[in-house]
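test case, fold it:
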Amino acid sequence: MVEEDRQWFLGRTGIDLDETPIEDSFCAVCLLSEGPLLVEDAHTDPRFTGNRLVTGPPFIRSYLGVPICGEDGVTIGTLCCISPEPGAFRPEQVAPLAMLAVLAEQSIALHARTRALSTANAALRQSSQIFRQAERAVNVGSWWVDLATRRLHWSDQVYAITGLEPGHSIDVRDVAQLYQPDDRAMVSKAMDDTIEGGKPFMFETTINRRDGEQRRIRVVGERIDVNGEPDCVAGIILDCTDEHLRNVALKRAAERDRLTGLYNRATFDHRLAEAMQRVETDPVTVALLDLDGFKDVNDSLGHLVGDRVLEGIAGLLRQRIAPGVFLARWGGDEFALLFPAAMAVEAVKAFCEALLAELAEIAPLGSGHLRIGATCGLARMTTAASSEEIMRRADLALYRGKEEGRGTVVCWDRQIEARQSERQRAIAQLRSALDNGRALAAYQPIVELSTGRVVSVEALLRLRDAQGQLLAAGDVFAALLDPELSRRVSRVMLDQVVADGPAILALFGPQTRIGLNLSDADLRRGDYVQHLIDAIEGSALSPANITIEVTETMLLDASGHLHASLATLDERGFTICLDDFGTGFSSLTHLRAFPIHKVKIDRDFIAAIAEDHQSRLIIQAIVQMGHSLGLRVVVEGVETEEQETFLKGVGCRHVQGFRYGRPMLLGDLRDSFAAKPQRRFG
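Down below sits the predicted model:
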């Protein structure tokens, strides 16, 4: 609604503004033009380049608006769409928006005249026709129940959604049979509460059409009173089957392991984090089960046979799992179990021993020489600690079992802790590298698919050992779990990026972003965040050149301080990126809860597209969802032309992987790209 000194929103979705000053109003310009207004890019339109709604929230880039008139024909406002992306709207969308604008005008008139519109039959027929067109366009149908006669009325689109012929006599009891048996009581209660108390309702349910097809619908309803008395209950039915199936696929992909169907590691981590919050009152017991001989199966019989073995073992574990035990595939050939607090350690150990005994009975594979067994490590905690700590203890117990001959169940104890020499060696190796200036940054390029340009690089830790060989971060991963060393690594990497940044910008352009991986320990300490801000602002780089990469595990039990640290970095202009996106369902929640503007799709998805159709669907769904939310999406682990072709086809814009370059020290990076400043890929 456009007034002399302001515009305000009678209805809105996707934006929290209530009103804006008239001088910032796109809609006022639309009204002055006396027709539809399409702005493809406000940044290049001289009428809007300095507009505060363009340069500040909500950062409008594209606009499409159609004037709306009141009953007297005077324009009173617009029906409009805005987007932070340029070119979001097209001329052919003007007509559908104009049709909806007609509906908006008539809705306003209906509100003003209430039941007086019963005398305007011609206008009503026109409205009905337009409304039916709108219903078909968005697959939404309308319904209402006359409370005096209890007669149910459907629009044509409801008939289409339910699979019934238009004009078919509708009985409320027959309609109830369309719903799932478990939902019928909920549907009846929602309607009764609305009739008796005037309480609006909205629910989702699945219906069984008479042709046997199931559809997912969203039903909205409210009571309409006339002269203070209940007159009818009216609402809409939306066919949301496609949306529901996409959400189910995303949720399953995020929660479940694609191969075995078990819960995945991210879901297990989330469940364990919740349990550890109650550890002082409810003891937490976990087990890590690792297959013995599985590597020999993969090496001798191939990965396809190995996959079938994993599927079979997962099915066996699922059948034998005790009530209340949470089972997940931890990764590779490892499975993780979280036990009920009331289950004693002795009972847990006996249960795991029975599982191992059954796995030992699996028939030999191949020529008969390859046998599959398992070893299990247990850990139990009754005092406050992190999820990582209890899993570390279970892992230590597991490898102690491997050392003792395999096929056993080993419980963590202090003696096992004392033998934890591998971690100590890693710590010593990392500390030596840090102390002697042998910790370096390597950079892996991130490429824009449409142009082949390198638009970003990710800074990755490399160590040069005493013999001069380069080691990757994975070689000392155990040491990186130490908060003190992790913070030292982050400071060294920051110093390297600051030093190398000008050369990288000179190589790839001033808009190039450099990705920094931060740890939980970094973000929970406010002094590091301020140090990061000061270091970048005091260098040749700007916050716009830096992407802060965080993992989902860090956000599972994020404290207020961690959230505040990310918010501070976001406000200063740093880009926050969620790494390994798609490996945990809570990722979807994190997109709302944290200031995330970029996501990286986990490399496991792209690696599986050749054999797994579901992986292709998941990547496509995540790419489309990310773009619709205004997020930059990067797919990691791209190694082949086939993968690149698929990603181009689903609209992916940015990729990272060995196809475009391995992590390289600055000198190697310059040698690889300087001769051709923007080497093209694809």
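
buried ones in the longest strand seen in the chain?
When the chain is parsed with DSSP state E, its longest strand is strand 214-226. In terms of neighbour count (16 or more other CB atoms under 10 Å), strand 214-226 has its buried residues at 215-221, 223. For the C-beta atoms, the positions are set from N, CA and C on the backbone; glycine is no exception.

low-confidence regions, the stretch 101-250 of the chain specifically.
By pLDDT under 70, the low-scoring segments of the stretch 101-250 of the chain are 114-138, 168-169, 171-174.

quick revisit: report the distance from the longest strand of the chain to the chain centre.
Relative to the chain's own centre, strand 214-226 is displaced by 29 Å; criterion: CA atoms, centre = their mean, to the nearest Å.

helices and strands around it, which ones?
helix 156-162, helix 181-197, strand 201-208, strand 229-239, helix 241-255 (3 or more CB pairs under 8 Å, 6 or more residues apart in numbering; DSSP states H and E).

which strands and helices lie in contact with the fourth one?
Spelled out, it's strand 229-239. Identification of packing neighbours for strand 229-239 by 3+ CB pairs under 8 Å, 6+ apart yields strand 140-146, helix 156-162, helix 181-197, strand 214-226.

and Arg380, how many neighbours?
Applying other CB atoms under 10 Å, we find 20 residues neighbouring Arg380.

contact partners for it?
Contacts were defined as CB atoms under 8 Å, 6 or more residues apart in numbering; by that measure Arg380 touches 283-286, 345, 348, 411-412.

now Ile514
Applying CB under 8 Å, 6+ apart to Ile514 gives the contacts 443, 456-459, 497, 501, 504, 541, 545-547.

next, it: secondary structure please.
strand (DSSP: H, G, I helix; E, B strand; the rest coil).

that one and Glu458, how far apart?
Per CB to CB, to the nearest Å, Ile514 is found 8 Å from Glu458.

anything in contact with each of the two?
By CB under 8 Å, 6+ apart, the residues touching both Ile514 and Glu458 are Tyr443.

residue ranges with poor pLDDT in the stretch 501-650 of the chain?
Those would be 525-526, 553, 556-560, 582-589, if you go by pLDDT under 70 across the stretch 501-650 of the chain.

rewinding a little: can I get the buried residues of strand 214-226 in JSON lines with distance to Leu79?
Formatted as JSON lines, the buried residues of strand 214-226 follow (distance: CB to CB, whole Å):
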{"residue": "Arg215", "distance to Leu79": "30"}
{"residue": "Arg216", "distance to Leu79": "29"}
{"residue": "Ile217", "distance to Leu79": "26"}
{"residue": "Arg218", "distance to Leu79": "23"}
{"residue": "Val219", "distance to Leu79": "26"}
{"residue": "Val220", "distance to Leu79": "21"}
{"residue": "Gly221", "distance to Leu79": "25"}
{"residue": "Arg223", "distance to Leu79": "28"}
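
which one of those residues is nearest Met202?
Nearest to Met202 among those: Val220, at 4.7 Å, using CB to CB.

quick one: the closest one from Ile237, how far?
Taking CB to CB, one finds Val220 at 8 Å from Ile237.

output the contacting helices and strands for whatever helix or strand Thr78 lives in.
Secondary structure from DSSP states H and E places Thr78 in strand 75-83. Here strand 75-83 touches helix 26-33, strand 62-69, helix 94-113, going by 3+ CB pairs under 8 Å, 6+ apart.

neighbouring strands - and their directions - for it?
Looking at strand 75-83 with DSSP bridges, its partner strands are strand 62-69 (antiparallel).

if we can go back for a sec, give me the contact list for the strand holding Thr78.
With CB under 8 Å, 6+ apart as the test, strand 75-83 has contacts from 1-2, 7, 10, 15, 26-27, 30-31, 34, 37, 58, 60-70, 88-89, 97, 100-101, 104, 108.

quick revisit: neighbour-wise, which one of the contacts of Ile514 leads?
Val457 (28 neighbours).

could you list every residue that touches the nearest residue to it once chain neighbours are set aside?
Counting by CB to CB, 6 or more residues apart in numbering, Val457 lies nearest to Tyr443, which is 4.1 Å off, once chain neighbours are set aside. Applying CB under 8 Å, 6+ apart to Tyr443 gives the contacts 457-460, 500, 504, 514, 663-666, 669.

make it 10 Å
Tyr443 is in contact with 454, 456-460, 496-497, 500, 504, 507, 514-515, 661, 663-666, 668-669, counting by CB atoms under 10 Å, 6 or more residues apart in numbering.

what does Lys598 give?
Residues counted as contacts of Lys598 (CB under 10 Å, 6+ apart) are 456, 513, 515, 547-549, 575-579, 581, 626, 631-634, 654.

of the residues you listed, which belong to helices?
Gly626 (DSSP state H).

show me just the buried residues among the contacts of Lys598.
The neighbour count (16+ other CB under 10 Å) marks 456, 513, 515, 547-549, 575-579, 581, 626, 631-634, 654 as buried among the contacts of Lys598.

and the helices in the stretch 551-682 of the chain?
For the stretch 551-682 of the chain, the helices defined by DSSP state H, counting those that start in this stretch occupy 552-556, 560-571, 586-593, 603-607, 613-628, 641-649, 666-673.

for the longest one, packing partners?
Applying 3 or more CB pairs under 10 Å, 6 or more residues apart in numbering; DSSP states H and E, one finds that helix 613-628 contacts helix 241-255, helix 586-593, strand 598-601, helix 603-607, strand 632-635, helix 641-649.

ok now that helix, how far from the chain's centre?
Remark: helix 613-628 is offset 10 Å from the chain centroid, using CA atoms, centre = their mean.

what angle do that helix and helix 241-255 make?
110 degrees (axes from the mean of the first three to the mean of the last three CA atoms, to 10 degrees).

can you show me the CA trace of helix 613-628 as PDB?
In PDB, the C-alpha atoms belonging to helix 613-628 read as follows (Å, rounded to 0.1, in the frame of the first residue of the first chain):
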ATOM      1  CA  HIS A 613      20.700 -42.500  -8.800                       C
ATOM      2  CA  GLN A 614      19.600 -41.200  -5.400                       C
ATOM      3  CA  SER A 615      22.900 -39.400  -5.000                       C
ATOM      4  CA  ARG A 616      22.200 -37.500  -8.200                       C
ATOM      5  CA  LEU A 617      18.700 -36.600  -7.000                       C
ATOM      6  CA  ILE A 618      20.200 -35.400  -3.700                       C
ATOM      7  CA  ILE A 619      22.800 -33.200  -5.300                       C
ATOM      8  CA  GLN A 620      20.200 -31.700  -7.600                       C
ATOM      9  CA  ALA A 621      17.800 -31.000  -4.700                       C
ATOM     10  CA  ILE A 622      20.500 -29.400  -2.500                       C
ATOM     11  CA  VAL A 623      21.800 -27.300  -5.400                       C
ATOM     12  CA  GLN A 624      18.300 -26.000  -6.200                       C
ATOM     13  CA  MET A 625      17.500 -25.500  -2.500                       C
ATOM     14  CA  GLY A 626      20.700 -23.600  -1.900                       C
ATOM     15  CA  HIS A 627      20.100 -21.300  -4.900                       C
ATOM     16  CA  SER A 628      16.500 -20.600  -3.900                       C
END
